[in-house]
Each structure stands twice: as structure tokens, then as C-alpha cells.
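Peer 1: next one to model:
(chains A and B)
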Amino acid sequence: MKVLIGFIKDAVISVTSGSLKYHIWMAFLTFLMLCGAYAYSIQIKNGLIVTGMSDGVSWGLYISNFTFLVGVAAAAVMLVLPTYILKDIDFSRAVLIGEGMAVAALVMCLAFVTVDLGGPARIWHLIPGIGLFNFPNSMLSWDVIVLNGYLFINLTIPLYILLWHYQGKEPKKAVYLPGVFISVFWAVAIHMVTAFLYAGLVSRPFWNSSLLGPRFLASAFAAGPALMILVLGVIRRNTDYWVEDITLNKIALVTTVAAQINMVMLISELFKEFYFPTHHSLSAIYLYFGLDGYDGLTRWIWPAVIMNLIATIMLTLHPLRKNPFFLKLACLILFVAIWIEKGMGLIIPGFIPGPWGKIIEYTPTWIEIVVTAGVWALGLFVFTLLVKIAIPIELGQLRFHQTATNQP
Amino acid sequence: MARLAMVIDTKKCVGCMDCVVACKTENNVPEHLDRDWLVYETRGKFPTLHMEIRSERCNHCDNPPCVYCCPTGASHVHDFGGVVLVDYDKCIGCKACLASCPYDARFINPNGYAEKCTFCIHRTEKGDDPACVAVCPTHCMYFGDIDDPNSEVSRLLASRNHHALLPAAGTKPQIYYLT
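Peer 2: Numbering: from 1, shown residues only, chains lettered A, B, ... in the order given. Now for the predicted structure:
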């Protein structure tokens, strides 16, 4: 208990002290969150009518971001698996950062689902046991369980490891390893369940595909580690926490293979939709070429596909991947490409055209955009806090009974 | 057990929209939103054209995807005649049912919950017809129990050609159109 109180005290000291750069960064995120909260207050007051969503397109920017971020959260498994189970020591320095990223992504996921609800006051119905929970029929109820379960796993394992390191002890494998095993399967589950949520809707042929689940995994294991490489780059530059090049190279390899598989699946999807288009291909036609003069998404999806292709080629070529500058550039391009493709490019066309052929286009309103920015700021804020606590402990600068040292 | 269904004679429908107006008034449906609507479908080539006018609404499916996907069980099949209903107090407004419905039958009420046709359960439980059926000036709509072979709806389905909407979706819709 004493240790826990000391840990919390030191953690608070650690996150409230830092360089000017750190304070500006956190102030900027707080400002964005406040803007988001203001926009959300307008949405609460007036209802979903202030968003661009309609009965035709009933999921928009929020659920697009949610879907993408579930993938980012699931990608932590690509670091967890080699570190804890395959005992690849090269990954061990990155794994806590990966788990922190998963926690931040999950916080964002839950926030995006909450802001999307028409009746957020009744959200307590989603708590198993207390509320009315339509389990196991509804894939959404599965999603609630797997997302919160994954959040719990990804909070407890790093917390246990950090607490033991904080006391200068080595964490016991028998305690955390079972959790790690569960988390590996759980990570796959969160993304498959989210894919099944869409694939199970019979009236939306664009999603009703058996490739959706595997494609979700492939794109997640490309975008997640790509973000990881960028984040580790920032951490290496701004702190003493040095992640070896060999770790980055290994993560880059994971990203590359996932991006290649993702590309194969994209081609397979495009072939199925366009070799002999049926009326089930109308959503894909809308997405890529526009339908009946409506082409709101074509200007997004083509850059996304081209960026995806460029990034995959850059990662595939060894000299480019081994060059830190090109690696980071490729990761950035890949991340943005998958964000477009698996966000707006996946969710919106599912609704267009509607089951009766009616075309209602969707454009997010400023309220949705500001709320979205606020939720992303919340995620980055949570991630920065977690890293700010974890790094001094891992570096041995923050220990029980010692006062916290100032970390830049 | 009773299985309530609606049979609509497209040969007698004149497309007057009285059913739409009756529903809005009876159920206090918010402005710009409708629980039922008309579809005018034209087939064939001039001069042998054929038009079918259909009064459409929730199909109260026997295999309702909206009930399966609902995370809180707000969408449910009512004991009375297998009617598909939404419990507004349980609905969190996640909109999964809107995405799952192949008939576009649902919308979000300005108060944040999903809404749709209830087969006017407040009337039908007392033995009355739904409002749309009651007001139809050409008597083209019939409402009753299709599990009872002697009911008017059963006899009509046995004697006339009919179709339901999107049978391939596997939802087993319970609104039948006589042709």
C-alpha cells in the first residue's frame, strides 16, 4: 500500500514537471480537449442533428476513427508477442511504450463510441450485470466486453511491471505471463469482433464480406507499428530512453510484411468489386468513381490508395527501409493512407447507396471535426502521461523512497 | 401463437398517402420523419408500363437483424404477435439497427433513440386495426394473424399472388404485397 501511495505521488510529480517543450505540448492538448468539450456540449444540447450524420448515413467521422483506432490498439500485440513470449530482448524496451499506445488508443475508442451515441445518458445499459446487455446476440455487446477487457489487461500488466521496477525488483513471470498470453489472443479478438460488427449487417454488401476481418488485422498490424516507429523516433530524440536501431528495424519489418499483405487484400477486394460489378458493388463504385454524379469520397480514396502503394514499395525496398529518414516518411504515409482508407473510406460507403438505392452523402460538420480533434488530443494526452511515468522508472531514475528527478 | 402481419393490395392502392398522414398523427411522428412511406415503382417499356404503388414500413421480420445487433436489447420481439418494437428507455442511440435494416425502416428520433413502425400496438392490443389500415379509403390494407388459416389475411395470401420485400435478405418480412 505504501508503495502504491509512493508510486502515485511520484507519478504525479513526474507528470507535472518537465521541460518548457513538454508544458507547451500538454497545454496545446488541453486546449484542443477543451475545444472538443465545448463542441460536444453543443451536440449534447441539440442532439445528433448538429452532426453531418443522417438516417441515411448513420455512422460518420466518429465511428470511422473508432474503427481505425481499434486497429492501433490491437497492434500492440506485435510488440508484446516477441517480447514476453518469444523472449526477444530487442523488443523489451519498446513494449511498454506499445502497451501505453494501446491504452491511449482504447481510451480514444471508448470516447469515440460515447460521442457517437444519440442517448449518452443511457450508456450505463452497456455495463454487463447492471444494464441490459444483449449478450451474446449483439456483436456490439461483444465489442464492449473485448474493448474494456483489453484496456484492463493493458493497464494491469504494465502497471505491475512498473510497480515492481519502481521498487527495484524484477517482476515475477508467473504473475504477468498468463495475462500476456490472454492479451495476445485478446488483441486479435478486439479487431475481429469489430470487423464482425460490420460484416454481420446483411443490408450493407460493402461490409458483408469474409475478407473484412483479416483485412482489418493486416491494416492494423501495418498502421499500428508504423505509428510506433514514429513515436519511438520522437521519444529517442526527446528523452534519454534509447531504443536500439535493431528494435526499430524489427518493427519496420513487421510493418512491411503487414503492409504487403494488406496490399494483396486490397487488390483482391478491388478485383472482386470491379471485374464483374453487380449491384452489390455500387458502394465500391461510389467510393472509387462516384455514382450518379455523387463523388464525395473519390478525392480521398485515390490519394489513400496511391499513398498506400508508395509506402508499401518504400518499405519493401531494403535500402529505403534501412534509411531512418525514408523509414519514418514511409511510416507517416502509410499511417495516413490507412487512416483514410479504413476510416471514412470504409464506413461511409457502406451506407451509400442506401438499401433502396437512395444516395445521401455525408460531410462532417465543424462540431464533429472539433470533437474528433478533442478526442485525439485526449488520446495523445493519456499517452504522454503514461510515457512520462514509465520512462523514468525504466531508466531507474524513479524509485521508491527516492524523490523524482526532473525529466525533460 | 398469433403472428401478426399486414397484407397490402397493390391493385387497389391509389397512392393517396392517407396511411402516411394517419401514422404521423396517430403516433406523433416528428417533423420531416416518417414511420411509413409510399414507393411508386414503374416496370416495363412504353406503352406496356406497369406501376406498383406500395405503402412501406417496418416489415416486423420473423428473423429481425435489428434485434440481433441491438447491444441493450432495446429492439425486441414483443410477445404479442411477434411485433418488433423499440424500448425507448433502453435505447442508447448507437444506430447499429439503422445500419442493419435492409428496409431503411428506422430513424433516430430527435430525442436520441431509434424509432419505427410499431404496428400501432397500443391499438392492435385492444383489437383495433393500425391507424394506416383503419383510414385507407380504398380498403387496400389488411391486418391480422397469418397463423390462423381462417383470418382474412391468410385467405388473401392463399388465393392471390403476392410478394414480400427483399426475401433474399433472409429476414422473413411480414408485410405482404398482393399483385
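Peer 1: nearest residue to residue 164 in space, ignoring adjacent ones along the chain?
Peer 2: Picking chain A for this. residue A:171 (4.0 Å; C-beta to C-beta, 6 or more residues apart in numbering or on different chains). All C-beta spots, glycine's among them, are computed from the backbone N, C-alpha and C.
Peer 1: looking at chain B here, not the other one
Peer 2: Distances taken as C-beta to C-beta, 6+ apart put residue B:173 closest to residue B:164, at 4.5 Å, once the chain neighbours are dropped.
Peer 1: correct me, but the one you found touches residue B:59?
Peer 2: Yes. Shown here, residue B:173 and residue B:59 form a contact pair, counting by C-beta atoms under 8 Å, at 3.4 Å.
Peer 1: between the two, which contacts overlap?
Peer 2: B:103, B:164-165 (C-beta atoms under 8 Å, 6 or more residues apart in numbering or on different chains).
Peer 1: which among the residues you listed gets closest to residue B:48?
Peer 2: residue B:165 (24.0 Å; C-beta to C-beta).
Peer 1: residues contacting that closest one?
Peer 2: B:56, B:59, B:103, B:173, B:175, B:177.
Peer 1: residue A:268 too?
Peer 2: Residue A:268 sits next to residue A:211 when contact means C-beta under 8 Å, 6+ apart.
Peer 1: state the helix or strand in which residue B:177 lies.
Peer 2: strand B:175-178 (DSSP states H and E).
Peer 1: ok, back up a step: quick check: the residue nearest to residue A:164 is in a helix.
Peer 2: No. The assignment for residue A:171 (DSSP: H, G, I helix; E, B strand; the rest coil) gives coil, which keeps it out of a helix.
Peer 1: tell me the SS of the residue in chain B that chain A sits nearest to?
Peer 2: Chain B approaches chain A most closely through residue B:93 (2.2 Å), counting by C-beta to the nearest C-beta. Classification of residue B:93 using three-state DSSP returns coil.
Peer 1: residue A:113 reaches residue A:65, doesn't it?
Peer 2: No. Contact between residue A:113 and residue A:65 fails when scored by C-beta under 8 Å: they sit 10.1 Å apart.
Peer 1: of those two, which one has the most company?
Peer 2: residue A:65 (25 against 21; other C-beta atoms under 10 Å in any protein chain shown).
Peer 1: what's the closest non-adjacent residue to the more buried one?
Peer 2: Closest to residue A:65 by C-beta to C-beta, 6+ apart is residue A:112, at 5.2 Å.
Peer 1: tell me the SS of the residue in chain A that chain B sits nearest to?
Peer 2: Closest approach between chain A and chain B, counting by C-beta to the nearest C-beta: residue A:118, at 2.2 Å. Look at residue A:118: counting by three-state DSSP, its state is coil.
Peer 1: also residue A:246?
Peer 2: helix.
Peer 1: so how far is residue A:220 from the residue nearest to it when sequence neighbours are not counted?
Peer 2: Take residue A:246 and drop its neighbours on the chain: the residue closest to it by C-beta to C-beta, 6+ apart is residue A:90, 5.1 Å away. Residue A:90 sits 22 Å away from residue A:220 when distances are taken as C-beta to C-beta, to the nearest Å.
Peer 1: residue B:179 too?
Peer 2: 49 Å.
Peer 1: and these two? Which one has more around it.
Peer 2: residue A:220 (31 against 12).
Peer 1: hmm, that one is touching residue A:74, no?
Peer 2: Yes. Counting by C-beta under 8 Å, residue A:74 is a contact partner of residue A:220 at 4.9 Å.
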